[in-house]
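> structure here, sequence nowhere to be found:
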């Protein structure tokens, strides 16, 4: 991977104050408490797709809470529900001499999938997992898919990496190469499973014939960026019945986020240096723009709808050694979360506007409590 992915792993490691990591964990717990509220779920499911409407007992694996570190504490940038890099960062811990920690993390990952299965199927045996993404062999994080396959196999669960086109429906069963699939580890970015290639997967999932994790409802409850509008608005939080202490935690840790409307175009353009613009249903850094980098043409496209604006919180900078020379790197901090608990912290180091895995000396870096 050093040859094929030269900027995936940084040689650096980050040591952050324990208080910073606790503040991240506290914010995760606060968000979980709001997501559990029926009033919140009613609000966000109103703009969610049909596939997200049915209740699902499974919680979904690999929530990624992404943060920038400001002088007054960590600020949540976004929540992902199919966050990549968990296994890669476990192996990175090993590279930094943290074998025991890596073993604990990987055991927690396996138990997470077993927990998802038990929530849906009780004591029935989990026999086969399919790790699914479009053209998985061509994905940048394809090596991680193989690491997961090996992890499941080591723990007695048959596993395969699959393109959704390789999945076929047999009544209310889902097959991969003739074998029944019990659970789908979903790495697709078609969060609603609306694409034609996912028709069989969606149909069997709707019939409760296969466990899918992460699933569409989880994305709707957590990762739709319009949800940050509610979570960063005190009046909305009061209306939802969120206790004051929880409100203060949320407002301190989530930058103000608002919907972008064409009617407010003139104001948003004049204030553009204040905002970071993102598509509500986007992922990664696709179609996301810092306001001070916007051209008028792109801004007009943003005004067509479907975008949110989030107050800019610059990423923290860290000096790392690259080719015998000290260089400043920006950092995004990710907390890998399951059922409200942080399993693993990692950082993504980069230069430029957004995380890119193209910066020499940048990439994933382990995070340790100072």
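Cool, the structure landed. Since the model is a prediction, treat every value here as computed from it, not as a measurement. Numbers count the residues shown, from 1 in each chain.
> and stretch 168-185, end to end?
For stretch 168-185, the first-to-last residue distance is 16 Å (Cα to Cα, to the nearest Å).
> ok, how many other residues are close to residue 324?
Residue 324: 5 surrounding residues under other Cβ atoms under 10 Å. C-betas here are computed from N, CA, C, even on glycine.
> from residue 313, how far out is it?
32 Å (Cβ to Cβ, to the nearest Å).
> repeat that for residue 125.
Relative to residue 313, and taking Cβ to Cβ, residue 125 is found at 46 Å.
> tell me which of the two has more neighbours.
Set side by side, residue 125 and residue 313 show more neighbours around residue 313, with 18 against 10, by other Cβ under 10 Å.
> go ahead and confirm that one touches residue 77.
Yes: at 7.2 Å, residue 313 counts as touching residue 77 under the criterion of Cβ atoms under 8 Å.
> who touches both of these two?
68, 255 (Cβ atoms under 8 Å, 6 or more residues apart in numbering).
> hmm, what's the outermost residue in the protein?
Distance to the chain centre peaks in the chain at residue 324, reaching 33.5 Å (criterion: Cα atoms, centre = their mean).
> which residues touch that residue?
Taking Cβ under 8 Å, 6+ apart as the definition, residue 324 has no contacts.
> look up how far residue 363 lies from it.
Computed as Cβ to Cβ, the residue 324 to residue 363 distance reads 18 Å.
> so where do the helices sit in the stretch 101-250 of the chain?
Secondary structure of the stretch 101-250 of the chain, counting by DSSP state H, counting those that start in this stretch: helices at 142-154, 199-206, 216-218, 227-231, 234-240, 244-253.
> name all residues that make contact with the nearest residue to residue 272 once chain neighbours are set aside.
The shortest distance from residue 272 to any non-neighbouring residue, by Cβ to Cβ, 6 or more residues apart in numbering, is to residue 291 (3.4 Å). By Cβ under 8 Å, 6+ apart, the contact list for residue 291 reads 268, 271-277, 309, 312.
> the residue nearest to residue 242 when sequence neighbours are not counted: which element?
If the residues on either side of it in the chain are set aside, residue 242 comes closest to residue 34, at 5.7 Å by Cβ to Cβ, 6+ apart. Using DSSP states H and E, residue 34 maps to helix 18-35.
> tell me what the helix or strand just after that helix is packed against?
Later in the chain than helix 18-35, the nearest helix or strand by DSSP H and E is helix 38-45. Where contact means 3 or more Cβ pairs under 8 Å, 6 or more residues apart in numbering; DSSP states H and E, helix 38-45 is packed against helix 227-231, helix 234-240.
> who touches helix 38-45?
34-35, 52-53, 220-221, 224, 226-227, 230, 239-241.
> one step back: just the contacts of residue 291 now: which is nearest residue 109?
Closest to residue 109 out of the contacts of residue 291 is residue 276 (31.1 Å), distances taken as Cβ to Cβ.
> what count of nearby residues applies to that closest one?
22.
> same thing with residue 137?
By other Cβ under 10 Å, 10 other residues sit near residue 137.
> can you list the strands that the helix or strand bottoming out on mean pLDDT in the chain pairs with?
Ranking every helix and strand in the chain by mean pLDDT, DSSP states H and E puts strand 289-290 at the bottom, with a mean of 80. Using DSSP bridges, strand 289-290 pairs in its sheet with strand 275-279 (antiparallel).
> centre of the chain to the strand it pairs with, how far?
Relative to its chain's centre, strand 275-279 lies at 17 Å (Cα atoms, centre = their mean, to the nearest Å).
> now what about that strand, what contacts it?
Residues from elsewhere that reach strand 275-279, judged by Cβ under 8 Å, 6+ apart: 78, 225, 260, 268, 286-291, 294, 302, 306-312.
> what comes up buried for the longest strand belonging to the chain?
The longest strand of the chain (DSSP state E) is strand 325-338. Using 16 or more other Cβ atoms under 10 Å as the test for burial, strand 325-338 gives 327, 329-338.
> count the neighbours of residue 352 for me.
Residue 352 - counted by other Cβ under 10 Å - has 11 other residues nearby.
> nearest spatial neighbour of it, skipping sequence neighbours?
residue 359 (6.8 Å).
> ok, the nearest residue to residue 239 once chain neighbours are set aside to residue 335 distance?
Spatial nearest neighbour of residue 239, chain neighbours left out: residue 39 (7.8 Å); criterion: Cβ to Cβ, 6+ apart. Using Cβ to Cβ, one gets 26 Å for the distance from residue 39 to residue 335.
> thanks again, I'm all set now.
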